[in-house]
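Novice: Provided below for reference: sequence and predicted model.
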There are 2 protein chains.
Amino acid sequence: MTAISARITGVDTYDVRFPTSRELDGSDAMNPDPDYSAAYVVLRTDAGDGLEGHGFTFTIGRGNDVQVAAIDALRPHVVGRSVDELCADPGSLSRDLIGDSQLRWLGPEKGVMHMAIGAVVNAVWDLAAKREGKPLWQLLAHASPEWLVSQVDFRYIADALTPEDALGLLREGRTGLAERETFLLERGFPGYTTSPGWLGYSDDKLTRLAKQAVADGFTQIKLKVGANLDDDIRRMRTARAAVGDGIRIAIDANQRWNVDEAIEWTKALAEFDPYWIEEPTSPDDILGHASVRQAVAPVKVATGEHVQNRIIFKQLLQAGAIDVLQIDAARVGGVNENLAILLLAAKFGVPVCPHAGGVGLCELVQHLSMFDYLALSGTTDDRVIEYVDHLHQHFTAPVVMRDGHYTAPLTPGFSATMLEESLAEYRYPDGTFWVADLAGQEDAA
Amino acid sequence: MTAISARITGVDTYDVRFPTSRELDGSDAMNPDPDYSAAYVVLRTDAGDGLEGHGFTFTIGRGNDVQVAAIDALRPHVVGRSVDELCADPGSLSRDLIGDSQLRWLGPEKGVMHMAIGAVVNAVWDLAAKREGKPLWQLLAHASPEWLVSQVDFRYIADALTPEDALGLLREGRTGLAERETFLLERGFPGYTTSPGWLGYSDDKLTRLAKQAVADGFTQIKLKVGANLDDDIRRMRTARAAVGDGIRIAIDANQRWNVDEAIEWTKALAEFDPYWIEEPTSPDDILGHASVRQAVAPVKVATGEHVQNRIIFKQLLQAGAIDVLQIDAARVGGVNENLAILLLAAKFGVPVCPHAGGVGLCELVQHLSMFDYLALSGTTDDRVIEYVDHLHQHFTAPVVMRDGHYTAPLTPGFSATMLEESLAEYRYPDGTFWVADLAGQEDAA
């Protein structure tokens, strides 16, 4: 009887910040000094089974407190809910959170408030998968097409994807699913690495890391570009020389350019055969991306890590603006909205190559790509998940890379759970690391 | 010498909420129970002249605390700045706030964080205008085209509007400016009223208020639609019968529909000659608005109160998606971004009819329309500012309507300053109104 009456009893939030701006090699043309952070949420229940739902919004430092405040504002919608009902239908909570008529004014469905919804919704999916005893990718891949369709909000996308379309795609996706699952468990899902390509590395270091990436089994690497064209030409030449012709090199401008600049800069690098140009301009600029794509082909255009919701993704696809769709697990309204986005990508036949890195983004998004492979796209051709080797040690079930592939996680849940000691150390400003660090800054002042 | 060294010494924030959901007649298809609120900010200086800069983000209740937290996160960029430099170049602060590489992750340039930037930037403009001893519309209209162009961020819009385009438009706008200013001071700027059209009014009340609006000098009214088609047909027939053929009736769906629904619903109301359909679907759906516009002509398509930034407005114009552009003074990144949007509208020849209402939005946005008339569009033809008769009594210089027109405000500043006693009464949760109200709720529980 306990399970039947179990309720959500707490929505605990944590402002967790890692001082990566002092340690990281990584930097790009728009983000010179990120402190990888998480506005972290834990759903507690009175089920007595010891299971919690974990989720987070990824940020890069300042403003993580604002993000926590936004998650706190959602608490009244969550506390007191039936755990069984919530886990059987996370979409009902997703709809309630998005539909809160007063909070909706702060978006709608974008920015701080929408990412907060994503954190809470993802925590529910984590709890649901833990209760099922399955990793999330498997829960999703084994779910019925009808139930998956019930989890999608078709508002504002029905002109491009109807529930009937979605059902058809998911039913088709069941053919060969068991064989693909076997293959996934053996081989994993391909990744690519950004490690060699951060701005500011010497050419020697770039060469060494690029060769290392190939030796590690990666078939694609990525270079940050956009600060200085002469440097980028030299770095691109260096990278191509290091890896040879068989390895894909993507380039990433992190929104640095206007449309015209994006076209000129990409063309100037074209001789080195870049595979895609990522975030050439504002993530809001659908028509701009379409212009860039038309001008820089055969170089592909990719974006998504800052695309705010399914409505912008819908239009990027409708406008023929992208060749590669980059979902992010913690930018939009959680798994439910990412289901909509994966379905849109499948409908338009555009491959999904997720954004990851930061803290915990690899852990989360692998589940979505594996579901996509098993139940929607049916292939890993031209699909790769970004991989960056940062901060995985803070998770109870960190990603495991093997031969350039993400191995399929077997731990139940969404791989979102951070270690208790990491929370205690990096909680801002009262974790042990920050107390000591801030005291040191005062002494120095 | 004091003035030269004057600095910003404080950025004080207030969570101000008015319990309008209990008092207001107003409601629409998406916002049934708004508590009109302001995340309010006051810039204090050590100039010794008693002048402060006031600004705010408008919200509709829950989440106003999140908005305050976002403004608080901007404080380090503002405190300590030279008042002279800030007021001489508000664009420099705007660029710094938008460019904060860590906070940028929470947008970029959208939602909670971007509206917070708008509140702070608007407060600087309020201070600058007070120090000039001019209402903001006049400060802007008298400024040189070169300086105005320096206040605009062309990033991500240069493919549609270059600095040279902007300069040309502003130089053209100077012809006849003095005559228009004289006319504006005499006549004011035309408004329209939403008062008759809230959902849930009886037909008798609708008729009475619609006739009253005409008697008050308004030449346009607006009806909320989108909850029930049969009701809307009856209400539209009633309204048209009340005002006759010479008065424009706009309709407003507040984002209620998908694209197909928007087209069908609008066509079903076309026989009553609606002037525009406002917010037919998601404010993010540029291509959707373009489809609606093509299908429902000659009914015009209007949107903007929830359009997040200049980049979406740019595309709405590029795609031919709107006939009427509705700026909002407190949604985007403040006056600087609204200058960009007014310039884009002028470049594309689309009239600007601002969104207002709520609390304080009429007070702010009148300045922008008056600037647009004086220095850009040169006409009030087909231009009207929304007017709603709510909460003006809380401002030190409330709007004054005369014969359906906004009279030009003469008080120096941006008309953003609330009465001290209103802040003391409606600050949440510790203002006198809320202390008594929350105690009453506890007693009742």
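Specialist: In hand now; what should we look at? Numbering: from 1, shown residues only, chains lettered A, B, ... in the order given.
Novice: mind listing what the most centrally placed residue in chain A touches?
Specialist: Of all residues in chain A, the one closest to the mean position by CA atoms, centre = their mean is A:D328, 2.6 Å from it. A:D328 is in contact with A:304-307, A:354-356, A:361, A:365, counting by CB atoms under 8 Å, 6 or more residues apart in numbering or on different chains. C-betas here are computed from N, CA, C, even on glycine.
Novice: repeat for A:A119
Specialist: Contact analysis of A:A119 by CB under 8 Å, 6+ apart lists A:39-41, A:55-57, A:71, A:330, A:334.
Novice: one step back: just the closest of the contacts of A:D328 to A:R131, please.
Specialist: Checking the contacts of A:D328 against A:R131 by CB to CB gives A:V365 as the nearest, at 21.7 Å.
Novice: And the pLDDT at the closest one?
Specialist: With respect to pLDDT, A:V365 has a value of 98.
Novice: residue ranges with poor pLDDT in chain A?
Specialist: Applying pLDDT under 70 to chain A flags residues A:1-4, A:24-27, A:445.
Novice: Just the closest residue of chain A to chain B, please.
Specialist: Per CB to the nearest CB, A:G111 is where chain A lies closest to chain B, at 2.0 Å.
Novice: Spit out the contact partners of the nearest residue to that residue once chain neighbours are set aside.
Specialist: Of all residues not flanking A:G111 in the chain, B:G111 sits nearest, at 2.0 Å (CB to CB, 6 or more residues apart in numbering or on different chains). B:G111 makes contact with A:106-107, A:110-114, A:308, B:308, according to CB under 8 Å, 6+ apart.
Novice: could you redo the last one with a cut-off of 7 Å?
Specialist: Applying CB atoms under 7 Å, 6 or more residues apart in numbering or on different chains, one finds that B:G111 lies in contact with A:106-107, A:110-113, B:308.
Novice: all strands in the stretch 151-300 of chain A, in order from the N-terminus.
Specialist: For the stretch 151-300 of chain A, the strands defined by DSSP state E, counting those that start in this stretch occupy A:189-197, A:220-224, A:248-252, A:274-278, A:300-303.
Novice: For A:I312, which of these is the nearest?
Specialist: Per CB to CB, nearest to A:I312 of the strands of the stretch 151-300 of chain A: strand A:300-303, 9.4 Å.
Novice: which other helices and strands contact that closest one?
Specialist: For strand A:300-303, the packing partners by 3 or more CB pairs under 7 Å, 6 or more residues apart in numbering or on different chains; DSSP states H and E come out as strand A:274-278, helix A:286-296.
Novice: For A:G200, grab the count of nearby residues.
Specialist: 13 (other CB atoms under 10 Å in any protein chain shown).
Novice: picking that back up, look up how far A:F313 lies from the residue nearest to the centre of chain A.
Specialist: To A:F313, A:D328 is 11 Å away according to CB to CB, to the nearest Å.
Novice: Show me what A:G197 bridges to in the sheet.
Specialist: Counting by DSSP bridges, A:G197 forms beta bridges with A:L223.
Novice: Spatially nearest residue to A:R256 (excluding sequence neighbours)?
Specialist: Spatial nearest neighbour of A:R256, chain neighbours left out: A:G226 (3.6 Å); criterion: CB to CB, 6+ apart.
Novice: Quick one: residues contacting the one you found.
Specialist: By CB under 7 Å, 6+ apart, the neighbours of A:G226 are A:29, A:253-254, A:256-257.
Novice: which of the residues you listed tops the neighbour count?
Specialist: Neighbour counts for the contacts of A:G226, by other CB under 10 Å, peak at A:W257, which reaches 25 neighbours.
Novice: you'd agree that one is up against A:W265?
Specialist: Yes. Under the criterion of CB atoms under 7 Å, A:W257 makes contact with A:W265 at 6.3 Å.
Novice: before we move on, the earlier item: farthest-separated two in the contacts of A:A119?
Specialist: A:Y40 and A:G334 (14.5 Å).
Novice: before we move on, the earlier item: so which of the contacts of A:A119 sit within strands?
Specialist: Judged by DSSP state E, those include A:39-41, A:55-57 as members of strands.
Novice: So which bits of stretch A:136-154 are buried?
Specialist: Of the residues in stretch A:136-154, A:136-141, A:143, A:145, A:148-149, A:151-154 count as buried by neighbour count, 16 or more other CB atoms under 10 Å in any protein chain shown.
Novice: Just the CA trace of the longest helix along chain A, in CSV.
Specialist: Assignment by DSSP state H gives helix A:111-132 as the longest helix of chain A. What follows is helix A:111-132, C-alpha atoms only, in CSV (Å, rounded to 0.1, in the frame of the first residue of the first chain):
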residue,chain,number,x,y,z
GLY,A,111,15.4,30.8,-21.4
VAL,A,112,15.7,30.5,-17.6
MET,A,113,12.2,29.4,-16.9
HIS,A,114,12.1,26.8,-19.6
MET,A,115,15.4,25.3,-18.7
ALA,A,116,14.1,25.1,-15.1
ILE,A,117,11.2,23.1,-16.4
GLY,A,118,13.6,20.8,-18.2
ALA,A,119,15.5,20.1,-15.1
VAL,A,120,12.4,19.1,-13.1
VAL,A,121,11.0,17.1,-16.0
ASN,A,122,14.3,15.3,-16.5
ALA,A,123,14.4,14.5,-12.8
VAL,A,124,11.0,12.8,-13.1
TRP,A,125,12.3,10.7,-16.0
ASP,A,126,15.3,9.8,-13.9
LEU,A,127,13.0,8.7,-11.1
ALA,A,128,10.7,6.8,-13.5
ALA,A,129,13.6,4.9,-15.0
LYS,A,130,15.1,4.0,-11.6
ARG,A,131,11.7,2.7,-10.5
GLU,A,132,11.5,0.6,-13.7
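Novice: what about that helix, distance to the chain center?
Specialist: Remark: helix A:111-132 is offset 13 Å from the chain centroid, using CA atoms, centre = their mean, to the nearest Å.
Novice: Which strands and helices lie in contact with the next helix or strand after it?
Specialist: Using DSSP states H and E, the helix or strand that directly follows helix A:111-132 along the chain is helix A:136-142. Using 3+ CB pairs under 7 Å, 6+ apart, the elements in contact with helix A:136-142 are helix A:111-132, helix A:361-372.
Novice: Off-centre distance for stretch A:251-269?
Specialist: 23 Å.
Novice: what's the span of that stretch from first residue to last?
Specialist: 9 Å (CA to CA, to the nearest Å).
Novice: Tell me how many other residues surround A:E442.
Specialist: Applying other CB under 10 Å, we find 8 residues neighbouring A:E442.
Novice: That one: which element?
Specialist: Per DSSP H and E: A:E442 is located in helix A:432-444.
Novice: is that helix anywhere near chain B?
Specialist: No. Using CB under 7 Å from any CB of the partner chain, helix A:432-444 never reaches chain B; the gap is at least 14.4 Å.
Novice: Tell me the buried residues in that helix?
Specialist: A:433-434.
Novice: got the contact list for that helix?
Specialist: A:424-426, A:428-429.
Novice: give me that answer again for 10 Å
Specialist: A:15, A:17-19, A:22, A:421-422, A:424-431 (CB atoms under 10 Å, 6 or more residues apart in numbering or on different chains).
Novice: Pull out the buried residues from these.
Specialist: The buried subset of the contacts of helix A:432-444 - by 16+ other CB under 10 Å - is A:15, A:17-19, A:422, A:425-428, A:431.
Novice: Throw those into TSV and include distance to A:K211, thanks.
Specialist: Output for the buried ones among the contacts of helix A:432-444, formatted as TSV (distance: CB to CB, whole Å):
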residue	distance to A:K211
A:D15	40
A:R17	34
A:F18	29
A:P19	30
A:S422	33
A:E425	35
A:Y426	33
A:R427	39
A:Y428	38
A:G431	38
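Novice: Same list, those residues, but as JSON lines with secondary structure and distance to chain B please.
Specialist: Listed next are the buried ones among the contacts of helix A:432-444 as JSON lines, based on DSSP: H, G, I helix; E, B strand; the rest coil; distance: CB to the nearest CB, whole Å:
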{"residue": "A:D15", "secondary structure": "strand", "distance to chain B": "11"}
{"residue": "A:R17", "secondary structure": "strand", "distance to chain B": "10"}
{"residue": "A:F18", "secondary structure": "coil", "distance to chain B": "13"}
{"residue": "A:P19", "secondary structure": "coil", "distance to chain B": "12"}
{"residue": "A:S422", "secondary structure": "helix", "distance to chain B": "20"}
{"residue": "A:E425", "secondary structure": "helix", "distance to chain B": "21"}
{"residue": "A:Y426", "secondary structure": "helix", "distance to chain B": "16"}
{"residue": "A:R427", "secondary structure": "strand", "distance to chain B": "17"}
{"residue": "A:Y428", "secondary structure": "coil", "distance to chain B": "13"}
{"residue": "A:G431", "secondary structure": "coil", "distance to chain B": "18"}
